[in-house]
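Peer 1: sequence first, then the predicted structure:
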Amino acid sequence: MPDWMATHMKLLILDRDGVINEDSPDYIKSPDEWIPIAGSLEAMGELSRAGWSLVVATNQSGVARGYYDVQMLNRIHTRMYKAANEAGGHIDAVFFCPHGPEDGCDCRKPLPGMIIDIARRYHMQPTDCIMVGDSLRDLQAIAAAGGHPLLVRTGNGESTEAAGNLPAGTLVFDNLAAVARHLLTHEPMRSAPTAE
């Protein structure tokens, strides 16, 4: 078990598409297109019941591209919140980047802006943060913040793993359920953080 697993706060940052729900090359543009990955909601329920705070950090360039607006994105996230709640889980917050690749923001993964913002809101050091992602940019974002990257093989995860070049220390799991089993087996001693 890595030493950091025994000492970090119980906050888990999750990418959305490909980790919690099925990804789509055509973007998730409506609540009906948001389809949970088998076992992901149950895993979130187990983590929530064990005292973990779950925060979603997601790039949503579909807003900048005009595929959907922030109101529609909020409706999609309402469906996600409800689905997680029905499985006994609680999503503490959703952080999203609405910008496109050319917009020059600092929040779009692989930049670490969202991770740093989450750490600040939860009174944590970015180096104590853990993020689960399926794409290299997720892993690069948490690594750039000094935190701990976990790759799942769902979504784009298998191709990300096959391509190599993962940040140092990346742990690889089949899916979010496997991440939950691992974290709950190596239960840290510190309590969940609270946001401002």
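Peer 2: Structure received.

Peer 1: ok, residues contacting the lengthiest helix in the chain?
Peer 2: If you go by DSSP state H, the chain has its longest helix at helix 70-86. By Cβ atoms under 8 Å, 6 or more residues apart in numbering, the residues outside helix 70-86 that reach it are 16, 20-21, 28-31, 33-34, 36, 41, 44-45, 48, 54, 56, 60, 62-63, 68, 90-91, 94, 96, 98. For glycine as for every other residue, the C-beta is placed from the backbone atoms N, C-alpha and C.

Peer 1: then stretch 12-25?
Peer 2: Contacts of stretch 12-25 (Cβ under 8 Å, 6+ apart): 28, 33-37, 40-41, 44, 47, 52-58, 80, 84, 94, 109, 115, 118, 129-135, 138, 142, 152, 154-157, 176, 179, 183.

Peer 1: can you do 7 Å?
Peer 2: 28, 33-37, 40, 47, 52, 54-58, 80, 115, 118, 129-135, 138, 152, 154-157, 176 (Cβ atoms under 7 Å, 6 or more residues apart in numbering).

Peer 1: again with stretch 136-143
Peer 2: Contacts for stretch 136-143 (Cβ under 7 Å, 6+ apart): 15, 109-112, 114-115, 129, 131, 133, 148-149, 151, 160, 166-167, 170.

Peer 1: now that stretch: mean pLDDT?
Peer 2: For stretch 136-143, mean pLDDT is 98.

Peer 1: got the CA positions of it in CSV?
Peer 2: Presented in CSV, the C-alpha positions along stretch 136-143 are these (Å, rounded to 0.1, in the frame of the first residue of the first chain):
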residue,chain,number,x,y,z
LEU,A,136,-4.4,10.8,-19.7
ARG,A,137,-5.5,14.4,-19.2
ASP,A,138,-7.2,13.4,-15.9
LEU,A,139,-4.1,11.8,-14.7
GLN,A,140,-1.9,14.6,-15.9
ALA,A,141,-4.1,17.2,-14.1
ILE,A,142,-3.9,15.5,-10.7
ALA,A,143,-0.2,14.8,-11.2
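
Peer 1: how far is that stretch from where the chain is centred?
Peer 2: 11 Å (Cα atoms, centre = their mean, to the nearest Å).

Peer 1: can you check the pLDDT for the most far-flung residue of the chain relative to its centre?
Peer 2: Distance from the C-alpha centroid of the chain, by Cα atoms, centre = their mean, peaks at residue 66 (23.5 Å). Here, the pLDDT recorded for residue 66 equals 96.

Peer 1: gap between it and residue 29?
Peer 2: Residue 66 sits 11 Å away from residue 29, going by Cβ to Cβ, to the nearest Å.

Peer 1: and residue 105, how close does it get to residue 64?
Peer 2: 10 Å.
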